[in-house]
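> below: sequence and its predicted model.
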Amino acid sequence: MEMLVFLIPVALMLGLVGLVSFIWAVREGQFDDPDGAAARILIDEDRPAEDPCK
Amino acid sequence: MTATGNPSAGCPSGLAPAEQARASDISAFVRRSPEGNSLQLTVRGAKCAGCLSRIEKSVQALPGVTQARLNLSNGRFDVRWRGDLSANDVAGTVSALGYGVAPFAPDAADSADKIEERKLLIAMAVAAFAAANVMLLSVSIWSGHGEMGETTRRVLHAISGAIALPAALFSGRIFFQSAWSALRRGHANMDVPISLAVLLALGVSVAETIRGGEHAYFDAAVMLLFFLLIGRFLDTRLRRRTHAAAHDLAALQARTVTRLDGTEARSVRADEIIAGDIVLVAPGERLTVDIDVLEGVSQADESLVSGESLPRAIAPGARLFAGSINLTQPLRGRAISAASDSLLADIARMLEAGEQRRSKYRRIADKAVSLYIPLVHTTAALTLIGWLLTGAGVREAIMIAVSTLIITCPCALALAAPVVQVVAAGRLFRKGVFLRSGDALERIAECDHVVFDKTGTLTLGEPELVRSPHDQDMLRRAARLARASRHPLSRALVAAAGAGSVAAHVKEHPGLGLEAEIDGVRCRLGSAEWVGEGTSAATTSLQLWYVEGDGAPHRFLFEDAMRPGAENVVETLRRRGISVEILSGDRQEAVATIASALSVADWRAGASPADKVERLEKLRAEGRKVLMIGDGLNDAASLSLAHASLAPGGAMDVSQSASDGVYTGTGLGAILTIIDASRLARRRMVQNFSLAAVYNFIAVPIAVAGFATPLVAAIAMSGSSIIVTLNALRPGWKGA
């Protein structure tokens, strides 16, 4: 039972870390453009290398 | 003057059609600051990563651009730059890629909604955190029932309380505030029983924890808040998206006005115009302010203002209202203040009357609350008295009474309507229907009589050539003149003729027609008298005459083309037991033609805005529930007076804001979709309230008898919420 003294605060801390990072993400505006975030990862920033087959 | 089809225009994935470029001066929308200029645009047609990178890269390539970021979810495009780049170049770059683009004026209501949405999201996250952690502790208390020592239980209760109390007070303040303001005004809303249940649960649990009792309801309190906040958040988010979409539609029309300051012409936003300003209206421009014409002879298309489908001849002294389109020659006019005794002011007064009446509408949820509150609170009070009379202790009696209040769970009741509304409005949103409020669904579902406006609603609002086989050659010849004109009949002629050459030196005579000399032969296109044909003026349909030299004039007939699917919609409505009526400001003959084509016996023509309002009042007095569908300025007042109303996407912004919803697309099929969806939504709401009632019939006796423990409350509460939500999500939403 003494374990609870450690385990409960640990569980709460983990939960709090999640909550705080979620609130941070909301404030940062990371949920403002979900479609854009999904699309941006597909954009190639670099020029493609010369096609070796040609 | 041939349109160049660019195959690479628009979305590279083919998810949206390419839009045609539209020229208008938007430099008035640039916000200037010492750090540089910024401009917000609304981009339509951007759907995929390809669109995103194409638009951003080509704008970033413009000189001086420091930031170009497109929000793919809502189509807002934020551009910042230094130097003297013109805003029109930015917009031109985007529209050259094949996307629709319009300046976006930030809207105060939108940013308020956004803050509200964030507040709800954070409140929801806090409630979720608390619910998860308290539930963890509660589960150990429940499973340790009978074995757990009193000290351990007490400690666990205390930790639960330490988590739940601040979380519930933080997340629940939205409900507490709303309940408090309702109570202060002397009535009750759904938030009153919610707040009462949460606060009582917290209070009793704190008392129990201090006393070292067995039952604490901390988990019930935060879980209740978590479920309710999910519903509330979804509702707000959908409302904001709908609102933004409708706002964007209106923004497409809100153009700039060319104001003459002395001799200098400047492009300014319409809201900067004050009474007395001199404005210049180019041919083809839509007016955004009411003006008295000072100079210029032209024709105006007033179909959005009066419903009249034929252009009106305009001379100095004439009054033109916002929404009309100047057709042939440039006009100079003096702006009339909207506050003056103008048409818009009249309409604004009528709009207010409609708004007031609509706010008195009692939703199903309101009716449910007015039944629920007295019933449940009386039961709780009787339980308390009953247990006291049978000799139970005061503490025990209060515990049982409070557990009755908690378990009767306004949760399912509070979710019953919003969940259905969110699902229904979300499905409609994806089909291009933007509903303004949740109760619009309920009102539309009740309607038994549909009143259509004609021009622009049942018809496309633009004439279409009635083709006949021997027209072909004449059509090709006449089109050479017509290509030089903006007159709707000319444009219809060109649309039928397709691409081709245009005659040189075409002169336009307002009210009469066009004239040009082609290969030494004088050619004329216009009214019957313009070509010297006086005899057949008797026919009332839309027509154009074409003559070459001294040859015989040729007649082209036009009709205001019906929107696709109009017959089907009217027929289907009738089969569902909804009567249909046409109420138009257009001429008798034009309305009669459409009415007979749709076999609608009930129609009225030449109706002024006041006539329309009078007709709606009469229908209301007869006890009919009217769904009004219209697009013009002349419909705005009747739209806001009707039991429910809809406007097509091309409607005037006044009409759009007067109606309960806006549907996009050329067809009328959306109307059936809306009616079906709203009727289904109404059925589901009634089902949900019945489910909540059934649940209470089972739960209340258990609680009154004193068998309700926190475990029972937790299971009952989440169970009923899930059932109600699943019922809303259950398939059956047609075609969605």
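That came through, no problem.
> interface residues of the stretch 1-150 of chain B facing chain A?
The stretch 1-150 of chain B comes close to chain A at residues B:48-49, B:52-53, B:70-74, B:118, B:121-122, B:125-126, B:129, B:132-133, B:136-137, as judged by Cβ under 8 Å from any Cβ of the partner chain. All C-beta spots, glycine's among them, are computed from the backbone N, C-alpha and C.
> swap in 7 Å and give it another go.
B:48-49, B:52-53, B:70-73, B:118, B:121-122, B:125-126, B:129, B:132-133, B:136 (Cβ under 7 Å from any Cβ of the partner chain).
> again with chain B
Within chain B, the positions lying close to chain A (Cβ under 7 Å from any Cβ) are B:48-49, B:52-53, B:70-73, B:118, B:121-122, B:125-126, B:129, B:132-133, B:136, B:152, B:159.
> of those residues, grab the buried ones for ChimeraX.
Of the residues of chain B next to chain A, the buried ones can be selected in ChimeraX as follows, counting by 16 or more other Cβ atoms under 10 Å in any protein chain shown:
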select /B:48,49,52,53,70,71,72,73,118,121,122,125,126,129,132,133,136,159
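> which ones among the residues of chain B next to chain A map onto strands?
B:Leu70 (DSSP state E).
> find the closest residue to chain A in the stretch 51-200 of chain B.
Nearest to chain A in the stretch 51-200 of chain B, going by Cβ to the nearest Cβ, is B:Leu72, at a distance of 3.7 Å.
> ok, back up a step: just the ones of the residues of chain B next to chain A in helices?
B:49, B:52-53, B:118, B:121-122, B:125-126, B:129, B:132-133, B:136, B:152, B:159 (DSSP state H).
> count of neighbours near the closest residue to B:Arg486 other than its chain neighbours?
Leaving aside its chain neighbours, B:Arg486 sits nearest to B:Gly284 (4.7 Å; criterion: Cβ to Cβ, 6 or more residues apart in numbering or on different chains). Applying other Cβ atoms under 10 Å in any protein chain shown, we find 13 residues neighbouring B:Gly284.
> now do B:Gly284, the pLDDT please.
With respect to pLDDT, B:Gly284 scores 72.
> tell me which strands and helices whatever helix or strand A:Ile23 lives in is in contact with?
Assessed by DSSP states H and E, A:Ile23 sits inside helix A:3-28. Here helix A:3-28 touches helix B:108-143, going by 3 or more Cβ pairs under 7 Å, 6 or more residues apart in numbering or on different chains; DSSP states H and E.
> the same query, at a cut-off of 8 Å, please.
Packing partners of helix A:3-28 (3 or more Cβ pairs under 8 Å, 6 or more residues apart in numbering or on different chains; DSSP states H and E): helix B:108-143, helix B:150-184.
> so which of the ones you listed gets nearest B:Thr673?
Nearest of the helices and strands packed on helix A:3-28 to B:Thr673, taken as Cβ to Cβ: helix B:108-143 at 25.8 Å.
> report the buried residues of the closest one.
Within helix B:108-143, judged by 16+ other Cβ under 10 Å, the buried ones are B:113-114, B:116-118, B:120-138, B:141.
> give me the low-pLDDT residue ranges for the stretch 201-350 of chain B?
For the stretch 201-350 of chain B, the stretches flagged by pLDDT under 70 are B:247-256, B:271, B:307, B:309, B:337-350.
> domains of chain B?
B:27-106, B:111-243+B:366-422+B:680-729, B:256-340, B:437-460+B:563-678, B:462-562 (automatic domain parsing).
> which of the ones you listed sits most buried?
Between the domains of chain B, domain B:437-460+B:563-678 has the highest mean count of neighbours, a mean of 21, where neighbours are mean count of other Cβ atoms under 10 Å in any protein chain shown.
> measure that domain end to end?
Domain B:437-460+B:563-678 has an end-to-end distance of 12 Å (Cα to Cα, to the nearest Å).
> and it, how far out from the chain's middle?
Taking Cα atoms, centre = their mean, to the nearest Å, one finds the center of domain B:437-460+B:563-678 at 16 Å from the center of the full chain.
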